[in-house]
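*Asks:* I'll drop the sequence and a predicted model, then ask my questions.
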Protein chains: 2
Amino acid sequence: MNQIKRVAIVGGTHGNELTGVYLVKKFDRAPELIGRSTFETITMLANPQACKIGRRYIDIDLNRCFRQQDLENPHLSSYEAQRAKEIYHIFSSQNTDRQTLIVDLHSTTSNMGLTFILASQHPFNLQLAAYLTSVYPHMKLLASPSNHQDSPLLRSISELGGTLEVGAVPQGVLDASLFQQTEQVIATILDCTEAYNLGTMPVVNNSLTIYQSIRAIDYPRNNSGEIQAMIHPQLQSRDYQALNPGDPMFLTFEGESVLYEGKSTVYPIFINEAAYYEKGIAMCFTEKEIVLHSS
Amino acid sequence: MNQIKRVAIVGGTHGNELTGVYLVKKFDRAPELIGRSTFETITMLANPQACKIGRRYIDIDLNRCFRQQDLENPHLSSYEAQRAKEIYHIFSSQNTDRQTLIVDLHSTTSNMGLTFILASQHPFNLQLAAYLTSVYPHMKLLASPSNHQDSPLLRSISELGGTLEVGAVPQGVLDASLFQQTEQVIATILDCTEAYNLGTMPVVNNSLTIYQSIRAIDYPRNNSGEIQAMIHPQLQSRDYQALNPGDPMFLTFEGESVLYEGKSTVYPIFINEAAYYEKGIAMCFTEKEIVLHSS
């Protein structure tokens, strides 16, 4: 199989998610931390203007700008649309030998702990995920069904790698413990990639639990679009835990519970993510899937 | 003593502190919840433009616009400077019979639980604080030394009342439990004011623990002003707990602990408040003071 020749550590795709921003700055001061012998490691602050003012974005969400049709559309002129094109040209390559493994660093106000969101189910990603969860047993694995060309996410530039999503941490806040955990996971990813290139990848359990995104759930809203309820206290912070039919999901401002009326058990994530209020997302439902892979 | 004739419940002084914003909207839908027989209750969304876009402010922090000299300065033209003048004219009055008791609703990313920040040590405020802490034993009381005319805060318009500060909750997020707790405290404040006017104020313990702000502490920074350290994991979320000489305060990005080198025990609050990074505040030190009052 082809060796991996380049790894990109990306921070600040959202300018108010400080873990990634300050990790990239740290690695730029001390590049020896991320250097390995068999590949090149580069860093990138994806949305430097948004980082400067500490906001998620300037004009539009950069992490929704990477659809193939948008990257090819010369009429899109927002700061982020242009920045997406720049980033795409840096990372994309027709030469698969030079395909970049991307690790995009994010944080969330949801209680998602350490989550690795796989860019694809490429065999390398599955091996990497298996190794990561053997080292970090509390780490969760997440996948979404969309294919690459339709995906608006930065990580979709490459099928190798994915997003590290850590939380709960408020926007605009550095949490030292999550900062250190994220740094450790990055080191493990780099070591794992090195081992892969050297043919010394450790053999680990070949059964993986991957949460598959199935759909986003909005808040109850009135006719003007205003939200009418909050995440229920019994659901708050319970990301990745089973939500069963009849369990409370929301609490109206008047104090009434709104129950989950689906027929099957789901595992909600991104519960009460601050940035998703404007996107009409109160949480995302996932299903648990056992994936076998060959190592 | 003069009766209190008007109570103002203010939300959205910061547009991304949603608890107050949505409580004010709720009270506007159901004014009977805040009506009492001996005084008028009004509500206000202090910074409606910032609420609309879910940011702390548009041009400048509204809660730093209430210095007497700024309110009298016709040359200040930012949105918030103008809004402060409007609010001041609504609430201020030379006629002390009509002095408004202000309850300004805030939230914080710091783990400050339920905190009542007294606008002044007016005898009514001390009675109110004593009653509140008898009903809510986990509530903390906070005072700052500044006098009214120098204070830039909205609550400084009146010496009656103060700020309800609740956390930890991220900016842009509704926490249902804190929402309900804040609503309960507001009801208790209204009941207490009613009892005061009727001369039926309950007698409670006359010894109060009030945390007095003594100074703000910045993050360690380099010559360019960039922060070089994070709140130490051992201090994170420990608002109101004793910080003793030699205890860790910060952790540099390189992993070194920075210790508290003061000579006396202090009680830090606003630890890792998101909005204070730009203000150069990592936390505020307080001292614990026992205040006696006559009820």
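*Replies:* Yes, it's here. Numbering: from 1, shown residues only, chains lettered A, B, ... in the order given.
*Asks:* where's the residue in the stretch 1-150 of chain A that chain B sits nearest to, which helix or strand?
*Replies:* Here the stretch 1-150 of chain A gets closest to chain B at one residue, A:Thr109, 4.2 Å apart by CB to the nearest CB. C-beta: built from backbone N, CA, C; applies to glycine. Using DSSP states H and E, no element contains A:Thr109; it sits outside every helix and strand.
*Asks:* surely it and A:Ala274 touch.
*Replies:* Yes. Using CB atoms under 8 Å, A:Thr109 is in contact with A:Ala274, at 4.5 Å.
*Asks:* any residues in contact with both of those two?
*Replies:* Taking CB atoms under 8 Å, 6 or more residues apart in numbering or on different chains as the criterion, A:Thr109 and A:Ala274 both touch A:Pro170, A:Gln171, B:Pro170, B:Gly172, B:Val173.
*Asks:* isn't the third one right up against A:Ser110?
*Replies:* Translated: B:Pro170. No. Judged on CB under 8 Å, B:Pro170 makes no contact with A:Ser110 at a distance of 9.7 Å.
*Asks:* mutual contacts of those two, please.
*Replies:* Common neighbours of B:Pro170 and A:Ser110 (CB under 8 Å, 6+ apart) are A:Ala168.
*Asks:* which stretches of chain A form strands?
*Replies:* Per DSSP state E, chain A carries strands over the ranges A:6-11, A:40-45, A:100-107, A:113-118, A:140-143, A:161-167, A:207-217, A:229-231, A:248-252, A:257-259, A:267-269, A:283-292.
*Asks:* relative to chain B, how far out is the residue located most distally from the centre of chain A?
*Replies:* Going by CA atoms, centre = their mean, the residue of chain A most distant from its centre is A:Glu254, 34.5 Å out. Applying CB to the nearest CB, to the nearest Å, the value for A:Glu254 to chain B is 8 Å.
*Asks:* tell me the confidence at that residue?
*Replies:* A:Glu254 carries a pLDDT value of 97.
*Asks:* could you do the one 3 residues further on as well?
*Replies:* Turning to A:Ser257, the model gives it a pLDDT of 98.
*Asks:* so what's it up against?
*Replies:* Contacts for A:Ser257 (CB under 8 Å, 6+ apart) come out as A:His232, A:Pro248, A:Phe250, A:Leu251.
*Asks:* where does the prediction get shaky in the stretch 101-250 of chain A?
*Replies:* For the stretch 101-250 of chain A, the stretches flagged by pLDDT under 70 are A:146-149.
*Asks:* chain B contacts on that one?
*Replies:* Proximity of the stretch 101-250 of chain A to chain B (CB under 8 Å from any CB of the partner chain) is limited to residues A:109, A:168-177, A:179-180, A:226-227, A:230-233, A:236.
*Asks:* and these, which are buried?
*Replies:* A:109, A:168-177, A:179-180, A:227, A:230-233, A:236 (16 or more other CB atoms under 10 Å in any protein chain shown).
*Asks:* just those: which are in helices?
*Replies:* A:Ala176, A:Ser177, A:Phe179, A:Gln180 (DSSP state H).
*Asks:* would you turn these into CSV with distance to B:Val204?
*Replies:* Shown next, in CSV, are those (distance: CB to CB, whole Å):
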residue, distance to B:Val204
A:Ala176, 40
A:Ser177, 40
A:Phe179, 44
A:Gln180, 46
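*Asks:* between those, which is nearest B:Ile214?
*Replies:* Comparing these against B:Ile214 with CB to CB picks out A:Ala176 as the nearest, at 24.6 Å.
*Asks:* gap between stretch A:6-26 and the chain center?
*Replies:* A distance of 12 Å separates the centroid of the chain from that of stretch A:6-26, by CA atoms, centre = their mean, to the nearest Å.
*Asks:* and the end-to-end length of stretch A:251-270?
*Replies:* 17 Å (CA to CA, to the nearest Å).
*Asks:* returning to that earlier point: list just the nearest of the contacts of A:Ser257 to chain B.
*Replies:* Chain B has its nearest neighbour among the contacts of A:Ser257 in A:Leu251, at 4.7 Å by CB to the nearest CB.
*Asks:* and for that closest one, the neighbour number?
*Replies:* 23 (other CB atoms under 10 Å in any protein chain shown).
*Asks:* so how far is A:Thr13 from the most centrally placed residue in chain A?
*Replies:* Chain A has A:Thr163 as the residue nearest its centroid, 3.4 Å off, counting by CA atoms, centre = their mean. A:Thr163 is 9 Å from A:Thr13, where distance means CB to CB, to the nearest Å.
*Asks:* now the end-to-end length of stretch A:117-127.
*Replies:* End-to-end distance of stretch A:117-127 (CA to CA): 14 Å.
*Asks:* surely A:Phe66 meets A:Ile157?
*Replies:* Yes. Between A:Phe66 and A:Ile157 a contact is recorded at 6.4 Å, counting by CB under 8 Å.
*Asks:* more neighbours: which of these two?
*Replies:* Taking neighbours as other CB under 10 Å, A:Phe66 and A:Ile157 compare with A:Ile157 leading, 26 against 22.
*Asks:* quick one: contacts for that one?
*Replies:* Counting by CB under 8 Å, 6+ apart, A:Ile157 makes contact with A:Phe66, A:Ile87, A:Tyr88, A:Phe91, A:Ser92, A:Thr100, A:Ile102.
*Asks:* again, 10 Å this time
*Replies:* Under the criterion of CB atoms under 10 Å, 6 or more residues apart in numbering or on different chains, the neighbours of A:Ile157 are A:8, A:10, A:66, A:71, A:84, A:87-88, A:90-93, A:99-100, A:102, A:104, A:119, A:148, A:151.
*Asks:* may I see the PyMOL selection of the buried members of those residues?
*Replies:* Only the buried entries of these go into this PyMOL selection, using 16+ other CB under 10 Å:
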select buried, chain A and resi 8+10+66+71+84+87+88+91+99+100+102+104+119+148+151
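*Asks:* helices - which of the contacts of A:Ile157 land there?
*Replies:* A:Leu71, A:Ala84, A:Ile87, A:Tyr88, A:Ile90, A:Phe91.
*Asks:* what number of residues are in the vicinity of the residue nearest to A:Gln181 when sequence neighbours are not counted?
*Replies:* Nearest-residue entry for A:Gln181: A:Leu114, 6.0 Å, with adjacent residues in sequence omitted and distances by CB to CB, 6 or more residues apart in numbering or on different chains. A:Leu114: 19 surrounding residues under other CB under 10 Å.
*Asks:* wait, A:Leu114 touches A:Ala168, no?
*Replies:* No. Taking contacts as CB atoms under 10 Å, A:Leu114 lies outside contact range of A:Ala168: 11.7 Å.
*Asks:* shared neighbours of these two, anything?
*Replies:* Shared contacts of A:Leu114 and A:Ala168 (CB under 10 Å, 6+ apart): A:Leu178.
*Asks:* of the ones in helices among the contacts of A:Ile157, which pair is most distant in space?
*Replies:* Maximum pairwise distance in the ones in helices among the contacts of A:Ile157, criterion CB to CB, is 12.4 Å, between A:Leu71 and A:Ile90.
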